[in-house]
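Student: Fold the following and give me the result.
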Amino acid sequence: MTEVRLMDVLHQIEREKGIPVEALVGALEAALASAYRKHFGATSSIRVELDPRTSDFHVYAQRVVVQEPRSPATEIGLEEARRLRPDVQLGDTLEIEVTPEDFGRIAAQTAKQVILQKIREAERDSIYQEFAEQEGQVVSGTIQRFEGRKVYVDLGRVEGLLMEQEQVRGERDPPGARMRFYVLKVRKTTRQPEILLSRSHPGLLRRLLEAEVPEIYEGIVEIKSVAREAGSRSKVAVASRDPHVDPVGACVGHRGSRIQAVMDELNGERIDIIRWHEDPERYITEALSPARVKRVIIEDPHKRIAVVLVSNEQQSLAIGRSGQNVRLAARLTNWRIDIRNEAEWEATQRGAAKASE
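Tutor: Numbering: from 1, shown residues only. A predicted model of the protein is given here:
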């Protein structure tokens with residue numbers, strides 16, 4: 001690589017990689033100054049300069065002007081100094097060129113290393129910036145390999161990492177399977193950026209609905225809350241800003257086509273779309289769907305505690321298998337919900353009333 005070709009390469013890198021020529025030149029000059037000190041044992045201040053017109057590298061060293069120099073590496077005699085600069089005085093510091101004859105070979109080797117390093121840094125920064133802007137969004141990727149309980153995902157320019165705690169229980173797609181992932185966090189490292197992914201985050205469900213339901217994307221329908229037990233069941237509360245648009249119907253789609261597409265992406269996870277209400281009694285009633293609620297009693301509005309009365313036939317449905325339905329409803333509404341059998345509760349209330357008489 002000749003010096004002229006080097007400058008051509010620097011300008012080409014600026015065009016293709018977006019690395020300013022000034023940054024490349026600065027890195028080259030600093031690396032060459034370090035290489036000079038290493039090869040020639042310089043102890044004084046060294047500066048390397050690249051002439052942009054000729055592409056030649058020049059090495060400059062500082063010398064203190066003395067009457068009789070004892071250390072040629074750091075001092076220069078007054079007589080010799082005045083041949084270079086007539087007005088120099090004893091004790092002044094003079095910068096002189098000390099470029100070695102074989103410095104071109106060192107420069108070529110160093111330039112190659114520096115340019116490759118800068119390209120790697122630029123690509124690393126570009127990947128980081130691209131994915132940092134996608135934190136909280138959904139990306140598509142291909143399952144690449146498994147290492148223990150970690151899953152590595154091919155995202156194109158970089159690998160993503162799906163940790164065990166962000167995986168869905170029972171979801172074990174083979175290498176080559178293409179899926180969508182929630183970008184949880186992007187971290188800078190000394191190598192490639194670390195892209196942490198999730199398949200269990202509620203944000204994945206939220207983003208998939210946004211992608212599938214135009215009314216959500218356009219802001220007509222708003223997702224108010226999401227409660228998710230990944231791989232099993234989720235509840236989503238929605239509201240409409242347009243009185244002519246049914247938020248539940250918009251999300252479900254014609255014959256369930258929209259919600260089915262989201263469920264398919266989540267490998268059959270059941271999704272309940274419920275209508276959000278500002279009134280907590282109505283909201284809690286909706287959240288406990290498909291169970292039919294008889295009555296909601298707000299026991300403590302400050303601590304957000306509610307008692308929900310249901311018939312004997314509906315009690316197990318309201319609670320759900322292993323308490324899942326009421327647990328999701330409580331998380332969705334941010335209320336503590338106590339499911340009670342209506343008949344038993346009324347009998348308890350009558351007994352308490354008689355005892356107080």
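
Student: What's the local residue count around residue 330?
Tutor: 20 (other Cβ atoms under 10 Å). No exception for glycine: its C-beta is placed from N, CA and C like everyone else's.

Student: Contacts only, for it.
Tutor: Going by Cβ atoms under 8 Å, 6 or more residues apart in numbering, residue 330 touches 336-337.

Student: Check for me that it belongs to a helix.
Tutor: Yes. Residue state for residue 330 (DSSP: H, G, I helix; E, B strand; the rest coil) corresponds to a helix.

Student: Now do the same for it: its pLDDT.
Tutor: Looking at residue 330, its pLDDT is 97.

Student: So residue 198 sits against residue 179, correct?
Tutor: No. Look at residue 198 against residue 179 with Cβ atoms under 8 Å: they stay out of range, at 11.5 Å.

Student: Residue 183 falls within a strand, correct?
Tutor: Yes. Judged by three-state DSSP, residue 183 forms part of a strand.

Student: show me what contacts residue 89?
Tutor: When contacts are counted by Cβ under 8 Å, 6+ apart, residue 89 touches residue 65.

Student: Three-state assignment for it, please.
Tutor: coil.

Student: Return the distance of it relative to residue 190.
Tutor: 49 Å (Cβ to Cβ, to the nearest Å).

Student: Same check on residue 248?
Tutor: Look at residue 248 and residue 190: by Cβ to Cβ, they are 49 Å apart.

Student: Spatially, what comes nearest to residue 69 if we skip its sequence neighbours?
Tutor: Once flanking residues are discounted, residue 69 sits nearest to residue 75: 3.9 Å by Cβ to Cβ, 6 or more residues apart in numbering.

Student: how many other residues sit next to the one you found?
Tutor: 17.

Student: What of the one 3 residues further on?
Tutor: Per other Cβ under 10 Å, the neighbour tally for residue 78 reads 16.

Student: got a pLDDT number for it?
Tutor: pLDDT, residue 78: 75.

Student: And residue 314, which helix or strand is it part of?
Tutor: helix 312-319 (DSSP states H and E).

Student: model confidence over that helix, on average?
Tutor: The model assigns helix 312-319 a mean pLDDT of 94.

Student: from the chain's centre, how far out does stretch 90-100 sit?
Tutor: 51 Å (Cα atoms, centre = their mean, to the nearest Å).

Student: Can you tell me what sits against stretch 146-159?
Tutor: The contact list for stretch 146-159 (Cβ under 8 Å, 6+ apart) reads 127, 130-131, 139, 141-145, 160-164, 167, 175, 179, 181, 192-193, 195, 197.

Student: Same check on stretch 235-249?
Tutor: By Cβ under 8 Å, 6+ apart, stretch 235-249 touches 205-206, 209, 215-216, 219-228, 250-251, 271-276, 283, 286-287, 328-329, 332-333.

Student: Please narrow these to those residing in helices.
Tutor: 205-206, 209, 215-216, 250-251, 283, 286-287, 328-329, 332-333 (DSSP state H).

Student: What are the buried residues along the strand or helix carrying residue 117?
Tutor: Applying DSSP H and E as the criterion places residue 117 in helix 103-132. For helix 103-132, the neighbour count (16 or more other Cβ atoms under 10 Å) marks 103, 106-107, 110-111, 114-115, 118, 122, 124, 127-128, 130-131 as buried.

Student: And for stretch 326-335?
Tutor: 326-333, 335.

Student: Please apply the same query to stretch 84-92.
Tutor: For stretch 84-92, by 16+ other Cβ under 10 Å, it's residue 88.

Student: how about the strands in the stretch 1-150 of the chain?
Tutor: Along the stretch 1-150 of the chain, counting by DSSP state E, counting those that start in this stretch, strands occupy 46-50, 57-66, 75-77, 93-97, 138-147, 150-154.
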